[in-house]
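**Q** need coordinates for the following:
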Amino acid sequence: MAANNNTNNPFSFETLFAGFSFPKNPGFMPTDIISKNIATFSAASKLMYDSMQEISKRQQQLMKESIEDYTNAMNDVFSAAAPEKKIEKNTAIAKKNFEKSVANVKDVTDILAKSNRDVLQLFTKRTTEVMSEAKGAVKK
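**A** Model prediction:
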């Protein structure tokens, strides 16, 4: 088997980075940048996981409330004697459930929006740090 010789390949690592050397600044180490980036991604993952947990719990709570509301609504509708009263109660229940559903959707989207803001802030902060680190390394 022949040895793999990349010197003729213009896209080889050795060819592309032949004249490149890292700055002699001990505060600017590529491994530090990588570990900070990994820590940022880890923190972002935790934020996303926590928000999904919160959304899941909220949806479970909403489902339980919906079942209770449905049960109470059916009891109210069937307890009314006159057809006009049944229609009136049914209409009032439908309106109440619609308004509650809109509020519930808003609650869940607020949780998701907060999570998105928090994750974006993490990445923005880290990007700013990387730019500052790179700027400092270039100056030295």
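
**Q** element containing the residue nearest the centre of the chain?
**A** What sits nearest the mean C-alpha location of the chain, by C-alpha atoms, centre = their mean, is Met48, with 4.1 Å. Element membership of Met48, judged by DSSP states H and E, is helix 30-79.

**Q** again with Thr128
**A** Judged by DSSP H and E, Thr128 forms part of helix 83-139.

**Q** taking their axis directions, that helix and helix 30-79 sit at what angle?
**A** 180 degrees (axes from the mean of the first three to the mean of the last three C-alpha atoms, to 10 degrees).

**Q** can you find the helix or strand in the chain with the smallest mean pLDDT?
**A** Lowest on mean pLDDT, DSSP states H and E among the helices and strands of the chain sits helix 13-16, with a mean of 61.

**Q** so where's this structure uncertain?
**A** 1-18, 20-30, 80, 137-138, 140 (pLDDT under 70).

**Q** make it 90
**A** 1-38, 66, 69-94, 96-97, 130-140 (pLDDT under 90).

**Q** before we move on, the earlier item: now for the helix holding Met48, which elements pack on it?
**A** The contact analysis (3 or more C-beta pairs under 8 Å, 6 or more residues apart in numbering; DSSP states H and E) places helix 30-79 against helix 83-139. Every residue, glycine included, has its C-beta placed from N, CA and C.

**Q** just checking, what packs against the helix it packs on?
**A** In terms of contacts (3+ C-beta pairs under 8 Å, 6+ apart), helix 83-139 is packed against helix 30-79.
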